[in-house]
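In: here's a sequence, model it:
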Amino acid sequence: MGSAFGETRSVVAAEWSVFRYRPVDWFLLTGSRLAVGAGLLALVAAVLWWVVLSGLAPLTERTPILYLLFALFSGNVTLITIVVSISQFVLARHLETPGEVREQMREVVGYRQAVSDVTGERVIPVTPSGFFLVLFRSIDRDLERLRSREWGEADAELQRDVEVLVGDLELHAERVIDLVEGGNRGVRHALFATLDANYSRYYYGIYRLRSTYADSMPADVADDLDRLERHVEQVDVARRYFKTVLIQSELASLSRLLLFTGLPVLVATVVLMLVFTATSGPAVERPTLAVVIPLVVTAGFAPIALLTAYILRLATVVHRTAAMYPFTTRYD
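Out: Numbers count the residues shown, from 1 in each chain. All right, here's what the predicted structure looks like:
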């Protein structure tokens with residue numbers, strides 16, 4: 001229990017740090033989707049209560065209120081049905097036969113063996129954070145070897161270009177190591193640590209060095225660059241695999257949350273609509289309705305707030321990993 005509490009404190013501290021210094025990244029990517037959804041819902045509630053309390057919406061006519069409640073009801077039914085159907089369709093594509101499962105396992109084992117060969121580690125961690133930690137520590141060692149080697153006077157231009165590449169990649173490697181070191185917070189945390197980099201740029205930098213200095217590059221430098229390229233390739237493969245796992249997990253979580261929140265919202269909307277069916281007017285006192293109606297309408301926006309929070313994260317992840325080497329969609 002103590003370790004679980006410590007892990008929770010670590011996650012909260014990390015999220016708070018991102019929220020303070022990189023609020024846009026927290027909102028789009030790293031922040032809890034429940035917290036982001038709650039923030040969006042609070043914004044909706046603030047606008048609705050301001051409209052009601054300012055007198056712009058006196059809530060005296062029944063017909064507009066019924067239209068609004070019916071729109072919320074039908075919209076939420078459609079939203080929940082479509083999202084859950086899409087999620088089930090995506091997840092159903094991963095229903096596999098035993099032979100397909102066995103083949104996929106062989107591919108994953110083969111990939112882990114390739115990572116073991118390029119890093120020189122005999123035992124590769126099974127957790128995503130530990131996996132990236134091994135890869136980036138190995139990258140850091142290769143970069144240090146490139147930086148500390150002896151350069152001749154004839155290699156001054158090559159040295160300068162190598163140091164530019166090494167410096168850029170070294171900063172990224174150190175940042176990833178700092179983020180994933182000291183604990184395992186699952187696929188999400190490991191993947192987010194690598195989303196700031198454009199790996200096609202590193203591929204291109206290594207390719208350009210080999211092409212520009214093909215005749216004069218020392219053999220040991222060429223070997224180091226080849227090894228570095230294999231490292232970057234393994235990182236990009238792992239990042240894309242973890243992206244697939246994340247999308248499946250997020251869609252499953254979104255479907256579950258939409259069902260948990262959608263059913264109470266639909267019931268509350270129907271009950272409030274039935275209150276307005278009395279011929280003599282609602283049986284509930286008007287001051288009470290002035291409070292209940294904004295609350296129900298605000299709750300009616302809960303599913304769309306959750307959907308927005310999750311889609312923002314998924315869209316950001318897909319956008320930052322859209323291109324595959326040798327092409328890129330990013331210029332930073």
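
In: so where's the stretch 201-332 of the chain shaky on pLDDT?
Out: Low-confidence segments of the stretch 201-332 of the chain, defined by pLDDT under 70, span residues 279-284, 325-327, 329-332.

In: switch the cut-off to 90
Out: Low-confidence segments of the stretch 201-332 of the chain (pLDDT under 90): 201-225, 236, 244-245, 247-249, 251-252, 255-256, 259, 272-294, 318-332.

In: helices along that one, start to end?
Out: Along the stretch 201-332 of the chain, the stretches classed as helices by DSSP state H, counting those that start in this stretch are 219-275, 286-300, 302-320.

In: tell me the most buried of those helices?
Out: For the helices of the stretch 201-332 of the chain, the largest average neighbour count (mean count of other Cβ atoms under 10 Å) is found in helix 302-320, namely a mean of 19. No exception for glycine: its C-beta is placed from N, CA and C like everyone else's.

In: neighbouring contacts of that one?
Out: Outside of helix 302-320, the residues that reach it under the criterion Cβ atoms under 8 Å, 6 or more residues apart in numbering are 27-29, 33-34, 36-38, 40-41, 44, 75-76, 79-80, 83, 191, 195-196, 243, 246-247, 250-251, 253-254, 257-258, 261-262, 265, 330.

In: ok, back up a step: which one of the helices of the stretch 201-332 of the chain lies closest to Tyr111?
Out: Each of the helices of the stretch 201-332 of the chain was scored for nearness to Tyr111 using Cβ to Cβ, and the closest is helix 219-275 (6.6 Å).

In: nearest residue to Tyr213 other than its sequence neighbours?
Out: Leu158 (5.0 Å; Cβ to Cβ, 6 or more residues apart in numbering).

In: right, and the one you found touches Leu209 too?
Out: Yes - proximity of Leu158 to Leu209 meets the contact threshold set by Cβ atoms under 8 Å, at 7.4 Å.

In: where does the stretch 51-200 of the chain dip in pLDDT?
Out: 52-66, 80-105, 108-109, 120-123, 125-129, 142, 144-172, 175, 178-200.

In: tell me where it has helices.
Out: Residue ranges of the helices in the stretch 51-200 of the chain, as given by DSSP H, counting those that start in this stretch, are 62-92, 98-119, 128-148, 156-180, 186-192, 199-212.

In: among the ones you listed, which is nearest Val297?
Out: That would be helix 62-92 among the helices of the stretch 51-200 of the chain, by Cβ to Cβ, at 6.6 Å.

In: from Val297, how far out is Val51?
Out: Applying Cβ to Cβ, to the nearest Å, one obtains 10 Å for the distance of Val51 from Val297.

In: an error on my part: the question was meant for Arg256.
Out: Distance check for Arg256 against Val297: by Cβ to Cβ, it reads 24 Å.

In: domain map for the protein?
Out: With automatic domain parsing serving as the domain definition, the record reports that the chain contains domains spanning 2-93+256-320, 121-249.

In: buried deepest among those, which one?
Out: For those, where neighbours mean mean count of other Cβ under 10 Å, the stretch averaging the most is domain 121-249, with a mean of 17.

In: so who does the residue nearest to Leu48 when sequence neighbours are not counted touch?
Out: Nearest in space to Leu48, with sequence neighbours left out and distances taken as Cβ to Cβ, 6+ apart, is Pro294 at 4.9 Å. By Cβ under 8 Å, 6+ apart, Pro294 lies in contact with Ala45, Leu48, Trp49, Val52.

In: what does Ala238 give?
Out: For Ala238, the set of contacting residues under the criterion of Cβ under 8 Å, 6+ apart consists of Val115, Pro128, Phe131, Phe132, Leu135.

In: contacting residues for Phe301?
Out: For Phe301, the residues meeting the contact criterion (Cβ under 8 Å, 6+ apart) are Leu41, Val44, Leu72.

In: quickly name whichever of these is closest to Val187.
Out: When those are compared for distance to Val187, the smallest value, 26.9 Å, is given by Leu41; criterion: Cβ to Cβ.

In: find me the pLDDT at the closest one, would you?
Out: Note on Leu41: pLDDT of 95.

In: and it, what element?
Out: Leu41 is part of helix 33-53, with elements assigned from DSSP states H and E.
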